[in-house]
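[1] Return atomic coordinates for the entry below.
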Amino acid sequence: MAAEEEEPRDVFRLSCDWLSIQEVVDTVSSASCGAISVFIGTTREDRCDGRKVIGLEYEAYELMAQSEFTKLCADIREHWPTVTHICVHHRLGWVKVGEASVAMAISSPHRHDSQQAIQHCINQLKAYVPIWKKEVYDTQEVSWKENAECSWASQKKPRSVT
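    Sure, this is the predicted structure:
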């Protein structure tokens, strides 16, 4: 008799708290899956115009972020039907250099699908989920930053009107 099929689980959480990578991994763990792919995005020390980044402040439009995550999960499952579970936790508020700002994991029976899906997930999250970041510098100056992937990025060519 075949094992009972597990219901797919999609978990999205925005939090001001420190992210637990183990909790993200445990959320997607499944006896039917031989692969869990993980991505952890950390705040890096960077320099901009001679100023050193000491941290990031994140804000989100939470209801729309949840809605966009739901669409993203549907998109992932359409492209990689064997994906079993998806979990994304993203920090809000202050995140100092070296700390995780996003942790995500995707499980599937085999590594190929989860690896491709995790890459797609971070790219699409940055492009469509309304989460914004402000760089804070050692000079106490701040600057809002735009993800290069986001659909409203200034470097995108304007749509032609026909």
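[2] Direction included, what does the one helix or strand in the chain whose mean pLDDT sits lowest pair against?
    The least trusted helix or strand in the chain, going by mean pLDDT, DSSP states H and E, turns out to be strand 47-48, with a mean of 83. Paired neighbours of strand 47-48 in the sheet (DSSP bridges): strand 51-60 (antiparallel).
[3] hey, where'd the strands end up in this protein?
    Counting by DSSP state E, the segments of the chain that form strands are 9-15, 35-42, 47-48, 51-60, 85-91, 93-96, 100-108, 131-137, 142-145.
[4] Go through those strands and find the least confident stretch.
    Comparing mean pLDDT across the strands of the chain, the weakest is strand 47-48, with a mean of 83.
[5] what number of residues lie near residue 108?
    Around residue 108 there are 27 other residues, counting by other CB atoms under 10 Å. For every residue, glycine as well, the C-beta is placed using N, CA and C.
[6] Please name the nearest non-neighbouring residue to it.
    Nearest residue to residue 108 in three dimensions, chain neighbours excluded: residue 114, at 4.1 Å (CB to CB, 6 or more residues apart in numbering).
[7] Contact partners for that neighbour?
    33, 35-37, 80, 83, 106-108 (CB atoms under 8 Å, 6 or more residues apart in numbering).
[8] Please repeat the previous calculation with a cut-off of 7 Å.
    Counting by CB atoms under 7 Å, 6 or more residues apart in numbering, residue 114 touches 35-37, 83, 106-108.
[9] Okay, residue 139 and residue 55: tell me how far apart.
    13 Å (CB to CB, to the nearest Å).
[10] how far away is the spatially closest residue to residue 35 that is not a sequence neighbour from residue 128?
    Closest residue to residue 35 apart from its sequence neighbours, by CB to CB, 6+ apart: residue 111 at 4.0 Å. Separation of residue 111 from residue 128 (CB to CB) stands at 26 Å.
[11] Thank you kindly, that will do.
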